[in-house]
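>>> Got a predicted model here, sequence first, then my questions.
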Amino acid sequence: MRLLLIEDEPKLSKAIAQGLREEGYVVDQAFDGGEGERLAFMQEHDLIILDGMLPGLDGLQICQNLRRERIQTPILILSARNQVQDRIAGLNVGADDYLNKPFEFEELLARVRALLRRQVPSQGVQLQAGPLRMDLSCHRVFLQEEEIKLTLQEYRLLEYFLQHQGQIISRLQLAERVWEDPDISLGTVDVYIGYLRNKIDKPFGTHLLQTVRGVGYCLRYDPSDANP
């Protein structure tokens, strides 16, 4: 999971980021409003932890701007403003939760986990692209009702494609979001794309996983490509 922490107090930011990293999260940091908003628009995150009072651009304004652009990433606001009307203002501009300063890290962590749980599909949900179907409740994949055996990494890669089907995804984005490691060899991404094609497209004559030259990959179902 990748989190964005926008907090201008250096010691507090360092402590929060270190604690979250020890819990296994990838944490991007920004120390003013302008940089924080830029990262929020530029990079996909699973959760944004946002200081309500920031230099350059107020945290509530950042939240409002993100929601105006239909970015629905969960937002947890941290603020020394602890009046009821302050919490109401934060929630009204689109925040999902509001935590007053000072706070215990364990409470912050609990709220982070709770917000992230809301993003996990409930059991029984399926992802589908034409004849390709992924059952999230039992981690099984079917194509034309025949089960496809995938390794864990192949499954995670395919799940990400199905969650973003129709979108062009770069190799770097796949490295960051699926492997959660932007430093892995991009050739490794290409190798796993090949593994998926050998299990999904080639045996069935489909063309679900497409290469967009110079840009990345896209999973898209076009009924006109289906075999008669």
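All right, it came through fine.
>>> burial count for Glu154?
Per other CB atoms under 10 Å, the neighbour tally for Glu154 reads 18. Yep, even glycine has a C-beta here, placed from its N, CA and C like the rest.
>>> List the contacts of it.
Neighbouring residues of Glu154 by CB atoms under 8 Å, 6 or more residues apart in numbering: Tyr192, Tyr195, Leu196, Lys199.
>>> Reduced to three states, what does the second one come out as?
Spelled out, that is Tyr195. helix (DSSP: H, G, I helix; E, B strand; the rest coil).
>>> Could I get the full set of helices for the protein?
Using DSSP state H, the helices of the chain run over 10-22, 33-42, 59-68, 84-92, 105-117, 152-163, 171-177, 186-199.
>>> Please tabulate these in JSON lines and include mean pLDDT and distance to Arg220 as additional columns.
Shown next, in JSON lines, are the helices of the chain (pLDDT from 0 to 100; distance: least, CB to CB, whole Å):
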{"stretch": "helix 10-22", "mean pLDDT": "94", "distance to Arg220": "35"}
{"stretch": "helix 33-42", "mean pLDDT": "92", "distance to Arg220": "24"}
{"stretch": "helix 59-68", "mean pLDDT": "92", "distance to Arg220": "28"}
{"stretch": "helix 84-92", "mean pLDDT": "86", "distance to Arg220": "38"}
{"stretch": "helix 105-117", "mean pLDDT": "91", "distance to Arg220": "28"}
{"stretch": "helix 152-163", "mean pLDDT": "91", "distance to Arg220": "9"}
{"stretch": "helix 171-177", "mean pLDDT": "87", "distance to Arg220": "16"}
{"stretch": "helix 186-199", "mean pLDDT": "94", "distance to Arg220": "14"}
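>>> closest one to Met134 among the ones you listed?
Evaluated over the helices of the chain, closeness to Met134 peaks at helix 152-163, with 5.7 Å, by CB to CB.
>>> Mind listing what's buried along the closest one?
Residues of helix 152-163 classed as buried by neighbour count (16 or more other CB atoms under 10 Å): Glu154, Tyr155, Arg156, Leu157, Leu158, Glu159, Tyr160, Phe161, Leu162.
>>> pull the CA atoms of stretch 152-168 into PDB?
Taking Å, rounded to 0.1, in the frame of the first residue of the first chain, the C-alpha atoms of stretch 152-168 are listed here in PDB:
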ATOM      1  CA  LEU A 152       0.800 -15.100  -6.700                       C
ATOM      2  CA  GLN A 153       2.700 -12.400  -8.600                       C
ATOM      3  CA  GLU A 154       0.900 -13.200 -11.800                       C
ATOM      4  CA  TYR A 155      -2.400 -13.000 -10.000                       C
ATOM      5  CA  ARG A 156      -1.600  -9.600  -8.500                       C
ATOM      6  CA  LEU A 157      -0.500  -8.300 -11.900                       C
ATOM      7  CA  LEU A 158      -3.700  -9.500 -13.500                       C
ATOM      8  CA  GLU A 159      -5.800  -8.100 -10.700                       C
ATOM      9  CA  TYR A 160      -4.300  -4.700 -11.200                       C
ATOM     10  CA  PHE A 161      -5.000  -4.800 -14.900                       C
ATOM     11  CA  LEU A 162      -8.600  -5.800 -14.300                       C
ATOM     12  CA  GLN A 163      -9.100  -3.000 -11.800                       C
ATOM     13  CA  HIS A 164      -7.800  -0.600 -14.400                       C
ATOM     14  CA  GLN A 165      -9.000  -2.200 -17.600                       C
ATOM     15  CA  GLY A 166      -9.100   0.100 -20.600                       C
ATOM     16  CA  GLN A 167      -6.300   2.300 -19.100                       C
ATOM     17  CA  ILE A 168      -2.800   2.400 -20.500                       C
END
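>>> Understood, closing this out.
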